[in-house]
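Q: would you be able to build a 3D model of this:
(2 chains)
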Amino acid sequence: MELYHTLYITLLALFSLLLLICLIRAVKGPQVADRLMAVNMMGTMVMVMISVLALLLNEGYLVDICLIYAMISFLSVVVLSKVYIGIYEERMRKKNEEEGVSHDSH
Amino acid sequence: MTAIEWIRFLSGSLFLLIGIVIFFTELFGVFHFKYVLNRMHAAAMGDTLAISACLIGLMIFSGFNFTTLKLFLIIVFLWFASPVSSHVLARLETATNENLSEHCEIYEDVSDLERELAARKNGEPDKTVEDTKKKEAPVT
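A: Here you go, the predicted model:
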């Protein structure tokens, strides 16, 4: 059992390192899609961490939380993409309207 | 520990090791590629393959109980969710990037792409879409 404990602790440490590297990508990413992709990757790694924690603490209900986390992470990516597409279209429409107004006045 | 327990521990550790190696590959790809649509290819690998390997290793550790079933449900859910989220991210990128043609070739119509692929198949690799359009312009 000591062996399993050591293995789980090592895994958690490794995944926290991977999460930090993902966070660097999210901060550096030049576009919105880069950041959203990094958030999606971080969600995947946190899912593995929660599952490892469930086995380490021997609490089965933590896996339920992991399932819910997967659903919320998927939902956040989809909703944020839709929101950013909407913001972009709104901005383009405003820009086009302003250009149209300036053309009429000249 | 008995022999069976050692086999269980080693096989579970092997699956976890495969998962971690794939996670590292994913991160390497994400930092190696220069554009989002290329990076997405590397990132989608971790969402399905790496987490499947890690969770199969944990399922072997967990034994035969309800936790194993729930871990399997997570894998099945991610198999459905990961392609959808990748698709949505790609749509976000193609819809909002104004100079997309700097990064990849864009075909306005699917028939252009099909024509070029057919030309490549017939052994004429240097025939571009513009050429075929110019040739067909007087006919129409």
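Q: low pLDDT regions in chain B?
A: Scanning chain B for pLDDT under 70 picks out B:1, B:124-140.
Q: repeat the analysis, applying 50 as the threshold.
A: Scanning chain B for pLDDT under 50 picks out the ranges B:132-140.
Q: near chain A at all, the helix or strand hosting B:L78?
A: Using DSSP states H and E, B:L78 falls within helix B:66-96. Yes: Helix B:66-96 reaches chain A (CB under 8 Å from any CB of the partner chain) through B:66-67, B:70-71, B:73-74, B:77-78, B:81, B:84-85, B:88-93, B:95-96. The C-beta positions use only the backbone N, C-alpha and C, and glycine is treated the same way.
Q: out of those residues, which are buried?
A: The neighbour count (16 or more other CB atoms under 10 Å in any protein chain shown) marks B:67, B:70-71, B:74, B:78, B:81, B:85, B:88-90, B:92-93, B:96 as buried among the residues of helix B:66-96 next to chain A.
Q: nearest residue to residue 77 other than its sequence neighbours?
A: Picking chain A for this. B:S85 (4.4 Å; CB to CB, 6 or more residues apart in numbering or on different chains).
Q: should've been chain B
A: B:F77's closest residue in space is A:A70 (CB to CB, 6+ apart), at 5.5 Å.
Q: what is the neighbour count of that neighbour?
A: Residues near A:A70, counting by other CB atoms under 10 Å in any protein chain shown, number 23.
Q: quick one, what contacts it?
A: By CB atoms under 8 Å, 6 or more residues apart in numbering or on different chains, the contact set of A:A70 is A:G43, A:M47, B:I74, B:F77, B:L78, B:A81.
Q: the fourth one reaches A:S73, doesn't it?
A: No: with contact defined as CB atoms under 8 Å, B:F77 and A:S73 do not form a contacting pair (10.5 Å).
Q: and B:H103, how many neighbours does it have?
A: 14.
Q: where does it fall, phi/psi-wise?
A: phi -100, psi -30 (degrees, to the nearest 10).
Q: I'd like to know how far it sits from A:Y88.
A: Relative to A:Y88, B:H103 is positioned 17 Å away (CB to CB, to the nearest Å).
Q: element containing residue 17, please.
A: If you meant another chain, say so; for now it's chain A. helix A:2-28.
Q: right idea, wrong chain: chain B
A: Secondary structure (DSSP H and E) places B:L17 in helix B:3-32.
Q: tell me where chain A has helices.
A: Here chain A has its helices, by DSSP state H, at A:2-28, A:32-57, A:61-105.
Q: domains for chain B, by residue range?
A: With domains defined by automatic domain parsing, chain B comprises B:3-98, B:107-140.
Q: how distant is the longest one from the center of its chain?
A: Spelled out, it's domain B:3-98. 11 Å (CA atoms, centre = their mean, to the nearest Å).
Q: how long is that domain from one end to the other?
A: Start-to-end span of domain B:3-98 (CA to CA, to the nearest Å) is 61 Å.
Q: do stretch B:53-71 as well
A: 11 Å.
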